[in-house]
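Trainee: predicted model, plus sequence, below.
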Amino acid sequence: MARQTMQVVRVYRYGDPDQLRCEQILRPAPQAGEVLIRVHAAGVLPADWKMRQGFFKKFYPLSFPYIPGSAIAGVVEAVGPGVTRFQKGQAVFGRSTHGAYTEYTTTAVEPPALTPKTFSLLALKPESLSFAEAATISGGATTAWSALFGDGVLSAGQRVLIHGAAGGVGLFAVQFARWKGAQVIGTASTANVDFVRSLGAEIVIDYTTTPFEEVIADVDLVLDTIGGETLQRSMAVVKHGGTLVSLLEKPSFQLAQARGIRAVKNAVTPTNDDLQRIARLIDEGQVKAVVGQTFPLRQVRQAHELSQSGHGRGRIVLQITDKAVV
């Protein structure tokens, strides 16, 4: 029987959003250790457009053409030989190892497809989450979880400052830190101050009107989702012996040493156990997912342009199916 085709977005060279091309190609078949997923929704991460622009080419060179994205939610369509963790018909969410901006994708879940260099991040979707909401978890909630509790070793009673608290990572970080019992301070634009407060932040600083370092000091942990000048200024608000974790760049070791703090770029990799813990917290009502703007696959360029603007609330999502399903 002839293999069916699927709609997909591919990139043929580094460049602006015009490099995102909608095409029809053959649907992949799952190999040993892989599952085939019908993708219902895909998260648009900042890393996706940075990858497309070539920001990471020195460290992660790409083979063209490639399918962008990694954060997915969908339904298992078929399983490859040797797969026992999942079965056809199950609703799942997590990370695809072969791209997310597509109607169907394969991803490694067990050996031999799963190797030391290819980690699996896939779990059953909580019934309480829509597919669009579930697509915000990988790269959003998982990054926040590993940065706070892996790199940052956050514990109850500590004070944590979260930059970009309304963004795709920040909104989960605020909720996780609150759940852990920390005092949460967030920075956000004027339009998002009340939203961040509703997530559980005790103090919200409007960065458009107030320099955070003028009103905050002696925090145990800073989670930096912005980088650049914000990262440098954050060094001054960490108390002696405290920690700064940056998601974007490696902080200055010399400056951190001079201030008596630990400053690192996040390096802890999320696990399937982390993904399942996050799913339980969502099912229990402790944490909520927030979808920002949604776009159909054919409007992927507009989705990337919005992501590059750095504004908005929640995670941008590509709704791959014609209708929203839960």
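Mentor: Received the coordinates, thanks.
Trainee: remind me which residues of this structure are low pLDDT?
Mentor: 1-3, 322-326 (pLDDT under 70).
Trainee: again, only using 90
Mentor: 1-3, 55-62, 97, 111-120, 126-128, 248, 283, 309-314, 321-326 (pLDDT under 90).
Trainee: just the strands in the stretch 1-150 of the chain please.
Mentor: With DSSP state E, counting those that start in this stretch as the criterion, the stretch 1-150 of the chain has strands at 5-11, 20-26, 34-44, 71-79, 91-95, 104-108, 121-124.
Trainee: restricting to C-alpha, output the third one in CSV.
Mentor: The reference is to strand 34-44. The C-alpha coordinates for strand 34-44 follow below in CSV (Å, rounded to 0.1, in the frame of the first residue of the first chain):
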residue,chain,number,x,y,z
GLU,A,34,10.0,4.8,17.8
VAL,A,35,6.4,5.8,17.9
LEU,A,36,4.5,7.7,15.2
ILE,A,37,2.4,10.5,16.6
ARG,A,38,-0.4,12.4,14.9
VAL,A,39,0.4,15.9,16.0
HIS,A,40,-2.6,18.0,17.2
ALA,A,41,-0.7,20.9,18.5
ALA,A,42,3.0,22.1,18.6
GLY,A,43,4.5,24.7,20.9
VAL,A,44,6.5,27.6,19.3
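Trainee: against which helices or strands is that strand packed?
Mentor: strand 71-79, strand 104-108, helix 131-134, helix 300-309, strand 315-319 (3 or more CB pairs under 8 Å, 6 or more residues apart in numbering; DSSP states H and E). C-beta coordinates here come from the backbone N, C-alpha and C atoms, glycine included.
Trainee: for those, give me JSON lines that also has distance to residue 255 and mean neighbour count.
Mentor: Shown next, in JSON lines, are the helices and strands packed on strand 34-44 (distance: least, CB to CB, whole Å; neighbours: other CB atoms under 10 Å):
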{"stretch": "strand 71-79", "distance to residue 255": "33", "mean neighbour count": "24"}
{"stretch": "strand 104-108", "distance to residue 255": "40", "mean neighbour count": "26"}
{"stretch": "helix 131-134", "distance to residue 255": "39", "mean neighbour count": "26"}
{"stretch": "helix 300-309", "distance to residue 255": "29", "mean neighbour count": "18"}
{"stretch": "strand 315-319", "distance to residue 255": "32", "mean neighbour count": "26"}
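Trainee: and those as TSV, adding distance to residue 160?
Mentor: Compiled in TSV, the helices and strands packed on strand 34-44 are given as follows (distance: least, CB to CB, whole Å):
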stretch	distance to residue 160
strand 71-79	24
strand 104-108	33
helix 131-134	24
helix 300-309	25
strand 315-319	21
